[in-house]
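Undergrad: Just the structure for this:
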Amino acid sequence: MSASTTSHHGTRQFPGNCTLEMAMDTIVDVFHRYSIRQGELDCLSFKDFKTLMTEQAPNFLEVCNRNRAGYLEKLFQETDMNKDKEVCFEEYTIVLCKLADDAHRNSHGSDRCGPDQD
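TA: Numbering: from 1, shown residues only. Presented below is the predicted three-dimensional model:
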């Protein structure tokens with residue numbers, strides 16, 4: 001990976017025009033926008049998690065009956081590996097994998113609601 005620099009806002013920026021690294025930077029920035037609302041600085045409470053998902057991943061939630069009552073609570077509980085009632089960034093990467101898989105399936109016009117897509 002290329003060396004990173006720090007922007008005037010204090011966040012790490014990757015030099016050059018590396019699409020994947022810029023996408024990772026955006027993912028971290030989005031997580032931080034929601035994780036600083038309450039609780040630990042680098043963790044999401046359920047309220048923060050729900051707000052992030054409904055504002056930033058509405059297309060993901062609209063398919064496969066993911067907008068059903070209780071889905072986000074279940075996803076949060078599954079993602080909260082240490083059961084501290086918060087989701088840190090490392091735990092959140094589990095959700096990112098689901099989002100990325102869904103986006104990949106969508107890009108190919110594949111079934112987004114297979115048995116392993118919940």
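Undergrad: Show the contacting residues for the most centrally placed residue in the chain.
TA: Nearest to the mean C-alpha position of the chain, by C-alpha atoms, centre = their mean, lies Leu96 at 4.4 Å. Residues in contact with Leu96 (C-beta atoms under 8 Å, 6 or more residues apart in numbering) are Ile27. Backbone N, C-alpha and C define where each C-beta goes, glycine included.
Undergrad: What of Arg112?
TA: Arg112 makes contact with Val63, Cys64, Asp102, Arg105, Asn106, according to C-beta under 8 Å, 6+ apart.
Undergrad: any idea how far the last one is from Phe49?
TA: To tie it back to what came earlier, the one meant is Asn106. 22 Å (C-beta to C-beta, to the nearest Å).
Undergrad: Give me the more crowded residue out of those two.
TA: More crowded of Asn106 and Phe49, by other C-beta atoms under 10 Å: Phe49, with 24 against 13.
Undergrad: For Cys43, see how far away the more buried one is.
TA: According to C-beta to C-beta, Phe49 and Cys43 sit 9 Å apart.
Undergrad: which stretches of this protein form helices?
TA: Assigned by DSSP state H, the chain shows helices spanning 19-35, 46-56, 58-62, 71-79, 89-107.
Undergrad: Could you dump those into JSON lines and include distance to Cys113 and mean pLDDT?
TA: Below are the helices of the chain laid out as JSON lines (distance: least, C-beta to C-beta, whole Å; pLDDT from 0 to 100):
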{"stretch": "helix 19-35", "distance to Cys113": "24", "mean pLDDT": "93"}
{"stretch": "helix 46-56", "distance to Cys113": "18", "mean pLDDT": "96"}
{"stretch": "helix 58-62", "distance to Cys113": "11", "mean pLDDT": "93"}
{"stretch": "helix 71-79", "distance to Cys113": "13", "mean pLDDT": "96"}
{"stretch": "helix 89-107", "distance to Cys113": "9", "mean pLDDT": "93"}
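Undergrad: Leu20 - how many residues pack around it?
TA: Quick note: Leu20 (other C-beta under 10 Å) scores 9 neighbours.
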